[in-house]
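> Need the 3D shape of this:
(3 chains)
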Amino acid sequence: MARFSRLFFRRYTPTVARELLGAILVRVLDGTTLSGRIVETEAYRGSDDPASHAYRGMTKRTEVMFGEPGKAYVYFTYGNHYCLNVTSERKGEAGATLIRALAPLEGLEEMQRRRGVENVRDVANGPGKLTKAMGIDGSLNGEDLVTSKRLYLVRGERPSSVGVSTRIGLSVAKATEWRFFVDGDEFVSHYRTHNYRKRAAP
DNA sequence: GTTCCGATTTTCT
DNA sequence: GAAAATCGGAACA
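Alright, predicted model coming up:
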């Protein structure tokens, strides 16, 4: 189970976001291991990306987006949900990939319990859903995914076909196609309404 | 099946 | 004071 190196994350964010498809997100919680295959991501950058939290410069919240690549950026939104991102670009340059959906692997029953749903498809097919399923909250903001024992990423089989679309839930930069997903995967969110557009080369 | 709407609180202006 | 990288339930078809 090989992890990604720091250098993997120290690159152009849309590239990192696309190459994270197929990787396994692992959460170790109270001795239990929860994991899932990443099937949907979105890229956010800095001063050239109006949709990014980092667009107007560094604030307390966006500090980690400007820091060392390969760390967890966890933020709270809509008064209810946490979202998990992985930082990228070199130190000083803002960048993060939002993990939007997982295909559950290990610890499915525990994740179903945490989510309060039976249907496997509904366990982690959204950014707020997967953090709840895996017990990820603000205490993991800044966690180093390259070295952490409680939250990390391992390499997985890359999908043969990758879909591309605009990002979801934005009021600005609506035309930028920085959402990536495993083409045809049942665990991708908004699978009927946003799985359109051209496909990127594998 | 799709569309619409309210919840709830942090963050930044 | 407004908006928010969302979710789930209700209504409708």
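
> What's the local residue count around residue A:184?
Using other Cβ atoms under 10 Å, residue A:184 is surrounded by 13 other residues. The way it works is simple: take the backbone N, C-alpha and C, and place the C-beta from them, glycine included.

> And the pLDDT for it?
At residue A:184, the pLDDT value in this model is 91.

> Need the nearest residue in space to residue A:1, chain neighbours excluded.
residue A:154 (4.5 Å; Cβ to Cβ, 6 or more residues apart in numbering).

> Now do the same contact list for that neighbour.
A:1, A:2, A:3, A:4, A:23, A:24, A:26 (Cβ atoms under 8 Å, 6 or more residues apart in numbering).

> Name only those of the residues you listed that count as buried.
By neighbour count, with 16 or more other Cβ atoms under 10 Å, the contacts of residue A:154 hold A:3, A:4, A:23, A:24, A:26 as buried.

> With distance to DNA strand B, pLDDT and secondary structure as extra columns, can I get these in TSV?
Output for the buried ones among the contacts of residue A:154, formatted as TSV (distance: Cβ to the nearest atom of the strand, whole Å; pLDDT from 0 to 100; DSSP: H, G, I helix; E, B strand; the rest coil):
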residue	distance to DNA strand B	pLDDT	secondary structure
A:3	28	98	strand
A:4	27	98	coil
A:23	27	98	coil
A:24	28	98	strand
A:26	25	98	strand
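
> Return the member of those residues nearest to residue A:42.
In terms of Cβ to Cβ, no member of the buried ones among the contacts of residue A:154 lies closer to residue A:42 than residue A:23, at 14.8 Å.

> Contacts only, for that closest one.
A:4, A:37, A:38, A:153, A:154, A:155, A:156.

> go on, residue A:100?
Residue A:100 sits in contact with A:40, A:41, A:42, A:126, A:127, A:130, A:168, A:179, A:181, A:189, where contact means Cβ under 8 Å, 6+ apart.

> roughly how far apart are the fourth one and DNA strand C?
This means residue A:126. Here the distance between residue A:126 and DNA strand C works out to 2 Å (Cβ to the nearest atom of the strand, to the nearest Å).

> got it, and the third one?
Computed with Cβ to the nearest atom of the strand, the distance linking residue A:42 and DNA strand C is 6 Å.

> Mind picking out the helix or strand in chain A with the poorest mean pLDDT?
Every helix and strand in chain A was compared by mean pLDDT, DSSP states H and E; the lowest is strand A:199-200, with a mean of 52.

> What count of nearby residues applies to the residue in chain A that DNA strand C sits nearest to?
DNA strand C sits closest to residue A:169 of chain A, with a gap of 2.0 Å, by Cβ to the nearest atom of the strand. Using other Cβ under 10 Å, residue A:169 has 11 other residues around it.
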